[in-house]
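**Student:** Below are the sequence and a predicted model for it; my questions follow.
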Amino acid sequence: MQKDHDGVWLKGNLHIHTDRSDGKASFDEAIALYERAGYDFIAVTDHWVVSERGQTPGGMLLLSGCEYNIGRRVQEGIYHIVGVGMARAPQIERRRDGLTAQALIDGIRAADGLAILAHPAWSLNRPEQAAQLTGLAGVEIYNAMSDLPFNARPYSGIFVDQLASMGVLLPCMAADDTHAYKDDLHKGYLMVHAREKTHEAVMQALRDGDFYATQGPEVHLTVENGKAEVVCSPASRVVFFSDSVWSEERVTHGTGITRASCALMPHETYVRAEVVDAQGRTAYSSPVRVC
Ligand SMILES: [Zn+2]
Ligand SMILES: [Zn+2]
């Protein structure tokens, strides 16, 4: 978490489908539903349909967006890559033979966008395979469409930890991946610490990793002098995750917890934190390198 400016905290969802692909709401309905719910920015990311950058009369920022996917079999690798904030439509040909996940990422980046690995748990992405990818700006640690009642594999924390254990630390994101506009609406989002509420400032904060992912609670993780510390909204559980598979004092239970800490061990290479509130909603920090 960078603290070089006072800035503003902005709420956003970077993964939304409309009836431009397989979502149940129209583009305008989707925008209205998020704006009424108090979101500061969104990206509409229909499958293979690039939405344009814009702004509503009420001031909600619309980042350009698109979700690209390759693969049909887990053994080959199924990759859904969300691109947001592109300055122009990426030059990615859907029908091209041999299209790879890396080509999708490179195409998004060549259009000045950010590439996000969507729902790796749902896709059964393999850490050894995904660790070869370069240029990802983040990974969805929580995806609401992959949760009940539609699916049952919404949480990619184990994938995040396996990658982090290989030295690949990806910023963690949460998103609705809205399709049904029922149980997948307003369930997972980002809180971004931006200099101001503009496209440029939001994109810069996303590039800098200056955000956390959440279903509701707040989480702020700092690491200093061999100690990890979380400051959060009132929680019933705070958990630290690292590449140490056994360690004491990594889980704090209680009511109204607003601070927790743990001493790091010399062999640990990263740490991240999750905060669960009384309603069972979780906030996720990104992994932080500690050596
Ligand atoms: Zn997807
Ligand atoms: Zn999607």
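**Tutor:** Okay, I see it. Ligands and ions are numbered 1, 2, ... in the order given.
**Student:** in terms of contact count, name the helices or strands touching the helix or strand containing A103.
**Tutor:** Counting by DSSP states H and E, the element that carries A103 is helix 101-110. Here helix 101-110 touches strand 65-70, strand 79-84, strand 114-117, going by 3 or more C-beta pairs under 8 Å, 6 or more residues apart in numbering; DSSP states H and E. In short, each C-beta sits where N, CA and C put it, glycine included.
**Student:** ok, now which ones touch the single nearest residue of the stretch 51-200 of the chain relative to ligand 2?
**Tutor:** Per C-beta to the ion, D177 is where the stretch 51-200 of the chain lies closest to ligand 2, at 4.3 Å. The contact partners of D177, by C-beta atoms under 8 Å, 6 or more residues apart in numbering, come to 15-17, 118-119, 140, 143-146, 184.
**Student:** how does it look with 7 Å?
**Tutor:** 15, 118-119, 143-146, 184 (C-beta atoms under 7 Å, 6 or more residues apart in numbering).
**Student:** So of those residues, which two are at opposite extremes in space?
**Tutor:** Spanning the widest gap among the contacts of D177 are A118 and D184, at 13.4 Å by C-beta to C-beta.
**Student:** my read: K227 touches S261, true?
**Tutor:** Yes. Counting by C-beta atoms under 7 Å, S261 is a contact partner of K227 at 5.8 Å.
**Student:** sec struct for D22, please.
**Tutor:** Three-state call for D22 (DSSP: H, G, I helix; E, B strand; the rest coil): coil.
**Student:** Name the nearest residue to it, sequence neighbours excluded.
**Tutor:** Leaving out its chain neighbours, the residue that sits closest to D22 by C-beta to C-beta, 6 or more residues apart in numbering is H179, at 6.1 Å.
**Student:** show me what contacts that neighbour?
**Tutor:** 17, 22-24, 145.
**Student:** redo that, cut-off 8 Å
**Tutor:** 17, 22-24, 145, 150.
**Student:** what's the neighbour count on R259?
**Tutor:** 12 (other C-beta atoms under 10 Å).
**Student:** Direction included, what does the helix or strand containing it pair against?
**Tutor:** Assigned by DSSP H and E, R259 belongs to strand 251-263. Strand pairing for strand 251-263, using DSSP bridges, gives strand 227-242 (antiparallel).
**Student:** The strand it pairs with: which residues count as buried?
**Tutor:** 228, 230, 232-233, 235-242 (16 or more other C-beta atoms under 10 Å).
**Student:** which stretches of the protein form helices?
**Tutor:** Remark: helices assigned in the chain by DSSP state H are 27-36, 101-110, 120-123, 127-130, 157-165, 199-208.
**Student:** The third one and ligand 2, any residue contact?
**Tutor:** No. Using C-beta under 5 Å from the ion, we find that helix 120-123 stays clear of ligand 2, coming within 9.6 Å at best.
**Student:** same for that helix, what does it pack against?
**Tutor:** strand 136-143, helix 157-165.
**Student:** quick one: the longest one to chain centroid distance?
**Tutor:** If I follow you right, that is helix 157-165. Put simply, helix 157-165 sits 14 Å off its chain's centre (C-alpha atoms, centre = their mean, to the nearest Å).
**Student:** just the first one next, same as before
**Tutor:** Relative to its chain's centre, strand 136-143 lies at 4 Å (C-alpha atoms, centre = their mean).
**Student:** contacting residues around it?
**Tutor:** 15, 105, 114-122, 154-157, 159-160, 163, 170-177, 188, 206-207, 209, 213, 215, 282, 284, 286.
**Student:** Send over that strand as PDB, restricted to the C-alpha atoms.
**Tutor:** These are the backbone C-alpha positions of strand 136-143, laid out as PDB (Å, rounded to 0.1, in the frame of the first residue of the first chain):
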ATOM      1  CA  LEU A 136      -0.300  -9.900 -15.600                       C
ATOM      2  CA  ALA A 137      -1.600  -7.000 -13.500                       C
ATOM      3  CA  GLY A 138      -3.600  -9.100 -11.200                       C
ATOM      4  CA  VAL A 139      -5.500 -12.300 -10.500                       C
ATOM      5  CA  GLU A 140      -9.100 -12.700  -9.300                       C
ATOM      6  CA  ILE A 141      -8.800 -14.300  -5.800                       C
ATOM      7  CA  TYR A 142     -12.600 -14.100  -5.600                       C
ATOM      8  CA  ASN A 143     -15.100 -14.300  -8.400                       C
END
